[in-house]
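Engineer: give me coordinates for this.
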Amino acid sequence: MVKGETKEAQIPAPVYRSVMEEYGYEVGKVIGNGSYGTVYEAYYTKQKVMVAIKIISKKKASHDYLNKFLPREIQVMKILRHKYLINFYQAIETTSRVYIILELAQGGDVLEWIQRYGACNEPLAGKWFNQLTLGIAYLHSKGIVHSLTPSLSAAGRDLKLENLLLDKRENVKISDFGFAKMVPSNQPVHNSPSYRQVNCSHLSQTYCGSFAYACPEVLLGLPYNPFLSDTWSMGVILYTLVVARLPFDDSNLKKLLRETQKEATFPPNCAVSQECKGMLDSSIKPGAHSPEWCDRLSFLRSSCTLPVWYSGGQAQPKPLFPLP
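Structural biologist: As a prediction, this is how the structure comes out:
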């Protein structure tokens, strides 16, 4: 991170505007709020582009967030460049704040879209799910090669509708890598034991995310494979896109656990194609044992090869990389 002037506290209010002007950013309206800070729209005068600035107050943020999650979020974002991910531009640190400059998504988020318009038709759901799949496939395949450290691969751990932003053309942009985890591996992820077997060494002991999107292993308190956990979350997202509600009742944790042991049901007036239902059956199948994990591998394979229902019967494009 770029170290800023320690005199920040002496700058007249509003402090953040003066600090950002020094770096060429004209701060505009608020576009989001969080526990530790606020997101603003801004204009970067040096390159004449609109950006988003996430301003985090060190006074409000917890010690763990400042010293663990925030540095990890920045570390992850620095290595990522993909058209379906929110891209990172710069991080600036001062004595009392951290400023993260990001790509601006001007269309809100997918949850807001569903709350406003209801369930998506399948072509739109397919478009967004296709983009989500390609973004997640990129995350899973991304590594850092360094002579003194092992390869690292990113697995998102807070996949939910609120974190799927939309650009002005309504393309998905995956955001918020605060809970992303760097999983060690000695080879590309798609060929690693993380994908190829269940009893592997790449299991997470902790969960950071939204339980409504969590796989049964998480709800049961078991070690879980973070890559396959992502596929469960993707299934929850796909269901919500086409039905406009979550597949499982998350009003309390015990009820949610019971719900995930049953097959997701569809409202009687909800017309969902058999192809789409097949995708959902594979991704959010009840149970937390190895057969279901294998089904989620099949789901990942089929989603990355883009079934015909995505594109209205057009030819299927090839996957990004060899799948297990």
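
Engineer: going forward, measure contacts between C-alpha atoms and count neighbours the same way
Structural biologist: OK.

Engineer: next, the buried residues of the helix of greatest length in the chain.
Structural biologist: Identified as the longest helix of the chain according to DSSP state H is helix 122-141. Using 16 or more other Cα atoms under 10 Å as the test for burial, helix 122-141 gives 122, 124-141.

Engineer: repeat that for stretch 15-27.
Structural biologist: Result for stretch 15-27 [16+ other Cα under 10 Å]: buried residues 16, 17, 18, 19, 20, 24, 25, 26, 27.

Engineer: what does stretch 76-96 give?
Structural biologist: Buried residues in stretch 76-96, counted by 16+ other Cα under 10 Å: 76, 77, 80, 84, 85, 86, 87, 88, 91, 92, 93, 94.

Engineer: do a quick rundown of the helices in the chain.
Structural biologist: Under DSSP H, the chain gives helices at 15-22, 63-64, 70-78, 110-117, 122-141, 193-196, 216-219, 226-243, 253-260, 274-283, 290-304.

Engineer: how does this protein divide into domains?
Structural biologist: Using automatic domain parsing, the domain parsing of the chain gives 2-103, 110-311.

Engineer: okay if I get those domains as a markdown table plus mean pLDDT?
Structural biologist: A markdown table is the format used below for the domains of the chain (pLDDT from 0 to 100):
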| stretch | mean pLDDT |
| --- | --- |
| domain 2-103 | 85 |
| domain 110-311 | 71 |
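
Engineer: and the gap between the closest residue to residue 46 other than its chain neighbours and residue 49?
Structural biologist: Spatially, and ignoring its direct neighbours in sequence, residue 46 is nearest to residue 24 (6.2 Å; Cα to Cα, 6 or more residues apart in numbering). As judged by Cα to Cα, to the nearest Å, residue 24 and residue 49 stand 11 Å apart.

Engineer: just residue 114 next, same as before
Structural biologist: 29 Å.

Engineer: state the distance from residue 61 to residue 96.
Structural biologist: 10 Å.

Engineer: next, count neighbours for residue 31.
Structural biologist: 14 (other Cα atoms under 10 Å).

Engineer: hmm, I was thinking of residue 35
Structural biologist: Counted with other Cα under 10 Å, residue 35 comes out at 10.

Engineer: contact partners for it?
Structural biologist: 60, 61 (Cα atoms under 8 Å, 6 or more residues apart in numbering).

Engineer: would you confirm that residue 84 contacts residue 134?
Structural biologist: Yes: using Cα atoms under 8 Å, residue 84 is in contact with residue 134, at 7.5 Å.

Engineer: which of the buried residues of stretch 15-27 lies closest to residue 236?
Structural biologist: Taking Cα to Cα as the measure, residue 236 lies nearest residue 27 of the buried residues of stretch 15-27, at 35.8 Å.

Engineer: ok, for that closest one, nearest residue in space, not its chain neighbours?
Structural biologist: Using Cα to Cα, 6+ apart, the nearest residue to residue 27 is residue 42, at 4.3 Å.

Engineer: show me what contacts the one you found?
Structural biologist: 25, 26, 27, 28, 29, 50, 51, 52, 53.

Engineer: kindly recompute the last result at 10 Å.
Structural biologist: Residues near residue 42 by Cα atoms under 10 Å, 6 or more residues apart in numbering: 17, 20, 24-30, 49-53, 101-102, 104.

Engineer: please narrow the residues you listed to those residing in strands.
Structural biologist: 25-30, 49-53, 101-102 (DSSP state E).

Engineer: buried ones among those residues?
Structural biologist: Applying 16+ other Cα under 10 Å to the ones in strands among the contacts of residue 42 flags 25, 26, 27, 28, 50, 51, 52, 53, 101, 102 as buried.

Engineer: and those residues as TSV, adding distance to residue 283?
Structural biologist: Below are those laid out as TSV (distance: Cα to Cα, whole Å):
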residue	distance to residue 283
25	43
26	44
27	42
28	41
50	37
51	35
52	33
53	35
101	34
102	31
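
Engineer: from those residues, pick the one nearest residue 169.
Structural biologist: residue 50 (15.4 Å).

Engineer: beta-bridge partners for the closest one, please?
Structural biologist: residue 43 (DSSP bridges).

Engineer: ok, it - contacts?
Structural biologist: Counting by Cα under 10 Å, 6+ apart, residue 50 touches 25-28, 41-44, 102-106.

Engineer: over to residue 16?
Structural biologist: Residue 16 neighbours (Cα under 10 Å, 6+ apart): 8, 27, 55, 97, 98, 99.

Engineer: go with 8 Å
Structural biologist: residue 55.

Engineer: so how far is residue 66 from it?
Structural biologist: Using Cα to Cα, one gets 18 Å for the distance from residue 16 to residue 66.
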